[in-house]
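1. no sequence on hand, only this structure:
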DNA sequence: AATAATTAAGACAATTTTGTCTGAATTGAA
DNA sequence: TTCAATTCAGACAAAATTGTCTTAATTATT
Ligand code: SF4
Ligand code: SF4
């Protein structure tokens, strides 16, 4: 489905969004411990997303990553596309290079519909949603 | 979504099913040319599926692969699971190891539903379906 | 029986993805 | 200012996936 890199990215973004309350930055050690990823690898991933404008970063002591209100409105779909591209949302069910509407295969219409449903789910899911959920029901981002 | 290996496998199985009409075997050269895969690689993949009982093979001159009526009733889902496992059909939307019904994340229920829809599509799609379609509307298995 | 054409098997190789290391740059605090 | 803690950048390394080669076994035809 999603690449491992992309899964780490989603979990990390959710975690950072949840913990970007009062201006304090979240560092990669804390992130990796909480989402169950290699520390330096999630660093690389967030560096990339940071350059693409998905979150803010700060070097030096007490530095780390931060997601402000505006960025928390981004959807999971945006993050997925930024890392894995849109193959998951637009690709073919049996791996062809393009989707042939003219000569569709037996699963084409059903597949396309389901694929669109998945896309809509990721598009309408924002980081804020996960953030606001923190209070009463903490989202589990890691196997315990 | 699916691994490249699995995509090759699906396309090859569809092709072989379509061309297993009158007892003649289909060889890997023909298959690879028609589905756009490396010849020896699809050989390996079909060897594997053959050992798992998804199709028949025969060595020697005029040998190749063959899918009989019974095997053509297998679903695409069976093939996917045989190669990629069931991560696509049962995995989490953000990459956790297990699906937590007790503390679901904001996308859990929608995601689960869509994932099940995808699963049902692959489960109900059989090789025969593609086979019977051959006559009037040939399925395109390769980029032209 | 000899030959040509095919899959089977396992080792090997290339590529992509995932993960690590090292040093530089930056930042806040002492 | 100095120091410690952090991200940044790029090279490097390991692992997984994808693809190839070589030889053997098998089969039908001649
Ligand atoms: S018709 Fe089927 S095989 Fe062809 S592009 Fe669409 S989903 Fe893929
Ligand atoms: S609740 Fe959400 S994050 Fe947790 S396992 Fe289900 S889909 Fe994944």
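-> Structure's in. What do you need? Computed from a prediction, not measured in an experiment: that's the story for all the values here. Ligands and ions are numbered 1, 2, ... in the order given.
2. right, and the helix or strand after the top helix by length along chain A?
-> Ordering each helix of chain A by length in residues (DSSP state H) puts helix A:108-124 first. Proceeding N to C from helix A:108-124, the next assigned helix or strand is helix A:127-132, under DSSP states H and E.
3. quick one: least confident helix or strand in chain A?
-> Ranked by mean pLDDT, DSSP states H and E, the weakest helix or strand in chain A is helix A:127-132, scoring a mean of 83.
4. correct me, but residue A:12 touches residue A:35?
-> Yes - shown here, residue A:12 and residue A:35 form a contact pair, counting by Cβ atoms under 8 Å, at 5.6 Å. C-betas here are computed from N, CA, C, even on glycine.
5. all strands for chain A, in order.
-> In chain A, the segments counted as strands under DSSP state E are A:56-58, A:64-66.
6. other SSEs contacting the first one?
-> Looking back up the chat, that one is strand A:56-58. helix A:39-51, strand A:64-66 (3 or more Cβ pairs under 8 Å, 6 or more residues apart in numbering or on different chains; DSSP states H and E).
7. any idea which of these is most buried?
-> Highest mean neighbour count of the helices and strands packed on strand A:56-58: strand A:64-66, a mean of 23 (counted as mean count of other Cβ atoms under 10 Å in any protein chain shown).
8. low pLDDT regions in chain A?
-> Counting by pLDDT under 70, chain A contains low-confidence residues at A:97-100, A:132-144.
9. mind redoing it with 80?
-> Low-confidence segments of chain A, defined by pLDDT under 80: A:22-23, A:95-106, A:131-144.
10. who wins for proximity to DNA strand C among the helices and strands packed on strand A:56-58?
-> Closest of the helices and strands packed on strand A:56-58 to DNA strand C is helix A:39-51, at 4.1 Å (criterion: Cβ to the nearest atom of the strand).
11. so residue A:12 and residue A:35 - more neighbours on which side?
-> Set side by side, residue A:12 and residue A:35 show more neighbours around residue A:12, with 26 against 23, by other Cβ atoms under 10 Å in any protein chain shown.
12. which residues touch the more buried one?
-> A:31, A:35, A:37, A:42, A:45-46 (Cβ atoms under 8 Å, 6 or more residues apart in numbering or on different chains).
13. swap in residue A:116?
-> Counting by Cβ under 8 Å, 6+ apart, the residues that residue A:116 touches are residue A:89.
14. any idea what residue A:64 is bridged to?
-> Assessed by DSSP bridges, residue A:64 has beta-bridge partners residue A:58.
15. neighbours of the closest residue to residue A:35 other than its chain neighbours, how many?
-> Once flanking residues are discounted, residue A:35 sits nearest to residue A:11: 4.1 Å by Cβ to Cβ, 6 or more residues apart in numbering or on different chains. Neighbourhood size, residue A:11 [other Cβ under 10 Å]: 23.
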